[in-house]
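Q: no FASTA, just this:
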């Protein structure tokens, strides 16, 4: 078993979006039943906080500059993309460094590029995440970044 633990901040572009003073916290599953539902309900500057547990889903930031993080860290909070046949986390809509993925284990991803996480033309910040048992048939089993 190969474990990749990542604490990475990617800054490939200029210009930051500053969080609003009115940022909301959306708790999963207390306020929204899934992580993706929390992301869908969020606006720039909001924080989606995930309770400990395993969540069988894949997520996409959809261009939102939000924080998606666990409340208990990667040892107790997992996003498992098993069965979906795609990247577990996707950021491909111009997210800036204010888009943060933090404190999660990402597992079960299987994609051509970036089984765990696929980043294209985005500048997502990744903190304290563990990428475990993901596969990328062309590259980047853990994280694949691409910019045009």
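A: Thanks, I have it. Worth saying up front: this structure is predicted, and the values here are computed from it rather than measured. Numbering: from 1, shown residues only.
Q: Distance-wise, check the closest residue to residue 121 other than its chain neighbours relative to residue 114.
A: Spatially, and ignoring its direct neighbours in sequence, residue 121 is nearest to residue 147 (5.6 Å; CB to CB, 6 or more residues apart in numbering). Any C-beta I mention is one placed from the backbone N, CA and C, and that applies to glycine too. Residue 147 sits at a distance of 13 Å from residue 114 (criterion: CB to CB, to the nearest Å).
Q: cool, and residue 73?
A: In this view, residue 73 and residue 114 are 23 Å apart by CB to CB.
Q: Show me which of the two is the more surrounded one.
A: Looking at residue 73 and residue 114 with other CB atoms under 10 Å, you find the greater number of neighbours at residue 114, namely 30 against 16.
Q: Just after the helix or strand of the chain with the lowest mean pLDDT, pick out the following helix or strand.
A: Across the helices and strands of the chain, mean pLDDT, DSSP states H and E gives its lowest value to strand 3-9, namely a mean of 42. For strand 3-9, the following helix or strand on the C-terminal side (DSSP states H and E) is strand 25-28.
Q: Please, where are all the helices along this structure?
A: 35-41 (DSSP state H).
Q: tell me how far the ends of stretch 103-113 are from each other?
A: End-to-end distance of stretch 103-113 (CA to CA, to the nearest Å): 22 Å.
Q: picking up where we left off before, how near is the residue nearest to residue 121 to residue 36?
A: Taking CB to CB, one finds residue 147 at 25 Å from residue 36.
Q: Between those two, which has more neighbouring residues?
A: Each of residue 147 and residue 36 has its neighbours counted (other CB under 10 Å); residue 36 has more, 20 against 10.
Q: what are the bridge partners for the nearest residue to the more buried one once chain neighbours are set aside, then?
A: Nearest residue to residue 36, sequence neighbours excluded (CB to CB, 6+ apart): residue 59, at 5.0 Å. With DSSP bridges applied, residue 59 shows beta-bridge pairing to residue 89.
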